[in-house]
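Undergrad: pasted the sequence and its predicted model underneath.
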Amino acid sequence: MQVFRGLDDAAGCRDGFVSIGNFDGVHRGHQSMIAELVQNARRHAAPAVVFTFDPHPIALLRPGQSPPPLSTTERKIELLSQCGVDAVLVYPTDQELLQLTPREFFDRIVLKRLQARGLVEGPNFFFGHKRAGSIETLREFCGAASIDLEIVPPVAVGDHLVSSSEIRRLITEGEVREAGALLGATYRVAGTVVRGAERGRTIGFPTANLEGIRTVLPRDGVYAGRALVSSTGSGGSWFAAGINIGGNPTFADQERKVEVHLADYSGNLYGCRLVVELAERLRDTVRFDGIEKLKTQLAIDIDRARALANEISNR
């Protein structure tokens, strides 16, 4: 798969079938749309192209009000590659782009720069300045330009209509298992390991303190999942992990942190980038009456993490 950062040198994106959007999280709704995109492109021996944005337009339109994303751009590209697309064009969002009318966006981007043979979008697609262009606008433009347009219906999982905002809501409420069902994969965060108080080491449960997490965090509590340790930035080994988000009331520490205990791991992680998958929320963060009671509960939490890590590995 090719990755392009802008339109100036994106010949591999031309004369193909294109999907345009933020694709935050590359969830099951996105996956359904991309499956149709790839199928249409293969049928016409054309490239399947995803056109996305970095940063999200809201970050420029309403600075400070943009919600944290579900995935970094790097993770988004990784997930899109797994979906089988041929090229991802990551457009560096700027005010010039955001000021384009729907007509200008279609003419300049879709027709002139991408030379698209077909588009695949969802029914809630909006484009152009102030989101003035709707899917009906796009249908009109495509019809006049003799460009194929396929509209892929939304996807539902149980009682949830799959969308980035719904997944973000679930994660914020700590419902990471439900969020994972909508994503089609266990929700993950990534950060750099920094030094903490090192209290966990003294009680037999050393933790890696993460900073620099750029994606949405669940509400405070104890979670189970797994963590990827890699010394090279690719590959690596997964370890069952217990994750604490919030303070440490047993030690009268109210500072909000993300602390990860890797089961059966020994080594120095300081400065490493750790990928952590949050499979299930186990409990609230509570104050224990004594270190021994805390250690007993932590052992129970890690046993659950081991079971969940095995479950994820065997999918």
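TA: That came through, no problem.

Undergrad: for the rest of this, base every contact and every neighbour count on C-alpha atoms.
TA: Will do.

Undergrad: per-residue pLDDT of the spatially most central residue of the chain, please?
TA: Closest residue to the average C-alpha location of the chain: Ser71 at 2.4 Å, with C-alpha atoms, centre = their mean. Looking at Ser71, its pLDDT is 96.

Undergrad: helix/strand/coil for it?
TA: coil (DSSP: H, G, I helix; E, B strand; the rest coil).

Undergrad: please name the nearest non-neighbouring residue to it.
TA: Spatial nearest neighbour of Ser71, chain neighbours left out: Gly25 (5.1 Å); criterion: C-alpha to C-alpha, 6 or more residues apart in numbering.

Undergrad: for that neighbour, grab the count of nearby residues.
TA: Gly25 has 27 neighbours, counted by other C-alpha atoms under 10 Å.

Undergrad: so it is in which element?
TA: Assigned by DSSP states H and E, Gly25 falls within no helix or strand.

Undergrad: also Val260?
TA: Assigned by DSSP H and E, Val260 falls in strand 253-262.

Undergrad: now do that strand, average pLDDT.
TA: 87.

Undergrad: neighbouring strands - and their directions - for that strand?
TA: strand 208-211 (antiparallel), strand 237-248 (antiparallel) (DSSP bridges).

Undergrad: how about residues contacting it?
TA: 205-211, 226-227, 239-248 (C-alpha atoms under 8 Å, 6 or more residues apart in numbering).

Undergrad: now stretch 210-229: buried residues?
TA: 210-211, 213, 215-229 (16 or more other C-alpha atoms under 10 Å).

Undergrad: what count of nearby residues applies to the closest residue to Thr186 other than its chain neighbours?
TA: Using C-alpha to C-alpha, 6+ apart and skipping the chain neighbours, the partner closest in space to Thr186 is Gly180 (4.7 Å). When neighbours are counted by other C-alpha under 10 Å, Gly180 registers 22.

Undergrad: just the element for Gly180, please.
TA: Judged by DSSP H and E, Gly180 forms part of helix 176-183.

Undergrad: host element of the closest residue to Arg281 other than its chain neighbours?
TA: Excluding the flanking residues, the one nearest Arg281 by C-alpha to C-alpha, 6+ apart is Tyr223, at 4.3 Å. In the assignment (DSSP H and E), Tyr223 maps to strand 221-229.

Undergrad: same question for Pro218.
TA: Per DSSP H and E, there is no helix or strand for Pro218.

Undergrad: okay, the angle between whichever helix or strand comes after the strand holding Val260 and strand 221-229?
TA: Once the chain leaves strand 253-262, the next helix or strand it forms, by DSSP H and E, is strand 273-283. Between strand 273-283 and strand 221-229, the angle comes out at 150 degrees (axes from the mean of the first three to the mean of the last three C-alpha atoms, to 10 degrees).

Undergrad: ok, and what's touching the next helix or strand after strand 273-283?
TA: Sequence-wise, the next helix or strand beyond strand 273-283 is helix 291-313, with elements assigned using DSSP H and E. The contact list for helix 291-313, computed with C-alpha under 8 Å, 6+ apart, reads 186, 203, 205, 224-226, 239-242, 250, 263, 279, 282, 288.

Undergrad: still on that earlier bit, quick one: closest of the strands paired with strand 253-262 to Gly12.
TA: strand 237-248 (34.4 Å; C-alpha to C-alpha).

Undergrad: what angle do helix 291-313 and the closest one make with each other?
TA: 140 degrees.

Undergrad: and strand 237-248, which residues are buried?
TA: Neighbour-count burial for strand 237-248 [16+ other C-alpha under 10 Å]: 238-248.
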